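Participant: Below is the structure, and that's it, no one-letter string:
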């Protein structure tokens, strides 16, 4: 349900949880989840008390370069992203998993994802116009999930071995935003 606290508009969802949680979306929208039975005025005060956090998050979002929708045929997008992923794949040869199937989708909140059990990696079509080193990073990140499914220390060890400068590339990628 939509609510307003002062001049802050937010989306409230009541759930079976213990604490109030707030997220600022990549579009600057605010989503709050709270336990069933929570006092709405208390939630409004909670949101207002987080104004500095909200403003800072929105400034970070606004400072990022928006990535335009790719202006290329779908097949061309697929070919480019597949070629980059195929060039990164040999870095994972010691793990002996077959080259995953690649799917391309326009996504609004993530650059890629991995479905290890299905041997499927999905890359965001918005990567098409990005610098190749960032596409390589996203491909390496998702290929690392073929070895380690979570973001544990073991996952970062796999990623670090395949791409020693992954932290620099990740920081660079954070300068961009989807929509």
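Facilitator: Noted; the coordinates are in hand. In this text, all values refer to a predicted model and were calculated from it rather than measured experimentally.
Participant: List the buried residues for the longest strand along the chain?
Facilitator: Determined from DSSP state E, the single longest strand within the chain is strand 8-15. The neighbour-count check on strand 8-15 (16 or more other C-beta atoms under 10 Å) flags 10, 12 as buried. Every residue, glycine included, has its C-beta placed from N, CA and C.
Participant: What mean pLDDT does it get?
Facilitator: For strand 8-15, the mean per-residue pLDDT is 97.
Participant: That strand pairs with which strands, and in what direction?
Facilitator: According to DSSP bridges, strand 8-15 has the following sheet partners: strand 2-5 (antiparallel), strand 30-35 (parallel).
Participant: from the ones you listed, which stretch is densest packed?
Facilitator: The highest average neighbour count among the strands paired with strand 8-15, using mean count of other C-beta atoms under 10 Å, belongs to strand 30-35 at a mean of 18.
Participant: now the angle from the helix or strand that comes right after it to strand 8-15?
Facilitator: Next along the chain after strand 30-35, taking DSSP states H and E as the criterion, comes helix 40-49. Relative orientation of helix 40-49 and strand 8-15, computed by axes from the mean of the first three to the mean of the last three C-alpha atoms, to 10 degrees: 130 degrees.
Participant: Distance-wise, check the residue nearest to residue 10 when sequence neighbours are not counted relative to residue 173.
Facilitator: Spatially, and ignoring its direct neighbours in sequence, residue 10 is nearest to residue 30 (3.9 Å; C-beta to C-beta, 6 or more residues apart in numbering). In this view, residue 30 and residue 173 are 24 Å apart by C-beta to C-beta, to the nearest Å.
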